[in-house]
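Chemist: here is the input, now give the coordinates:
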Amino acid sequence: MAEWLEIVLRTLCAVVVLFLMTKLLGKRQVTQLSFFEYLTGITIGSLAAYISLDLDANWYLGLVALGVWVACSLLIEVLSIKSKKARDFIDFKSTVLIKDGKILEDNLKKEKLSADELMQQLRQKNVFQVADVEFAIMESSGEINVLQTRENLPLTPKDLGIQVAPEKPGQVVVMDGEVMDEPLRVAGFNQGWLVEELDKQGAKIKDVFLAQVDTYGQLTIDLYDDQIQVPQNEERKLLYANLKKCQADLELFSLSTKSKKAKKMYEESSKQIEKIIAEVKPILNT
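Modeler: Sure, this is the predicted structure:
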């Protein structure tokens with residue numbers, strides 16, 4: 001057999017073996033790999049290269065070594081799942097770097113992390129003041145997770161005593177000019193509704209590259225032809241409908257909140273939007 005043909009066959013064999021073994025090892029992002037898993041990946045890649053290029057008669061021993069590495073990795077993963085002590089020993093424990101706005105210098109030295117590197121990691125989390133940090137911890141992967149003090153956290157509807165409806169994921173109902181029947185049913189609509197909504201926007205199913213239905217049943221489309229725009233009158237009607245929805249949401253918030261201050265704010269905002277709707281209604285409904 002010609003050497004080039006043998007190398008091709010060995011490379012294909014190595015690719016198949018690597019694919020099967022990575023399926024066994026499971027999905028992990030690079031940032032989620034432990035140090036040992038990172039080294040294992042490099043070693044397995046080196047062994048695969050050896051299998052592909054080594055022309056000695058004992059090249060198959062590379063497959064044996066590859067199998068042993070993968071078996072060891074699987075064994076270590078099982079131990080990590082079954083035992084907390086084994087997991088801490090293999091993957092390292094998480095380390096607290098900041099507590100109550102105070103940097104723990106001893107833990108910083110333990111993780112061989114400088115103050116500059118710590119500040120860089122904090123800035124990547126949109127935190128620029130150490131005093132704003134309630135808790136910062138370095139995970140076993142090396143990533144630093146940050147919890148800001150309560151007064152620096154953004155307000156949520158729960159903080160304001162507002163009850164909101166659960167958010168549903170948007171559904172892709174048209175892809176590459178073809179209707180996705182299952183997502184359309186999940187969204188609670190049928191093809192008749194879809195065709196009607198597309199007609200309102202002056203589009204046909206075959207012209208649509210991607211169409212999505214959001215939580216509120218609103219259809220947004222992206223056409224193959226980027227030069228085609230949604231008709232202006234439909235945009236006006238859509239804007240008018242969104243203004244009406246904002247007003248209704250504010251009224252709902254005013255009824256749901258227990259805070260008198262928040263209730264007054266929502267009521268005033270609702271009245272302001274009502275005035276705006278009355279002024280622009282003749283324009284938007286033309």
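Chemist: just checking, what packs against the one helix or strand residue 247 maps to?
Modeler: Assigned by DSSP states H and E, residue 247 falls within helix 232-256. In terms of contacts (3 or more C-beta pairs under 8 Å, 6 or more residues apart in numbering; DSSP states H and E), helix 232-256 is packed against helix 260-284. Just so you know, the C-beta spots here come from the backbone N, C-alpha and C atoms, and that holds for glycine as well.
Chemist: please spell out which residues along the helix it packs on are buried.
Modeler: If you call a residue buried by 16 or more other C-beta atoms under 10 Å, then helix 260-284 has these buried ones: 262-263, 265-266, 269-270, 273, 284.
Chemist: helix, strand or coil: sort out residue 6 for me.
Modeler: helix (DSSP: H, G, I helix; E, B strand; the rest coil).
Chemist: what's the neighbour count on it?
Modeler: Residue 6 is flanked by 13 other residues according to other C-beta atoms under 10 Å.
Chemist: ok, which stretches of the protein are helices?
Modeler: Counting by DSSP state H, the chain has helices at residues 3-25, 35-53, 61-82, 84-91, 105-110, 115-124, 181-186, 191-200, 232-256, 260-284.
Chemist: using TSV, lay out the buried residues of helix 260-284 together with distance to residue 144 and pLDDT.
Modeler: Converted to TSV, the buried residues of helix 260-284 look like this (distance: C-beta to C-beta, whole Å; pLDDT from 0 to 100):
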residue	distance to residue 144	pLDDT
262	35	84
263	40	85
265	37	88
266	38	85
269	39	87
270	43	86
273	42	85
284	49	59
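Chemist: could you single out the nearest of the residues you listed to residue 222?
Modeler: Nearest to residue 222 out of the buried residues of helix 260-284 is residue 284 (C-beta to C-beta; 23.9 Å).
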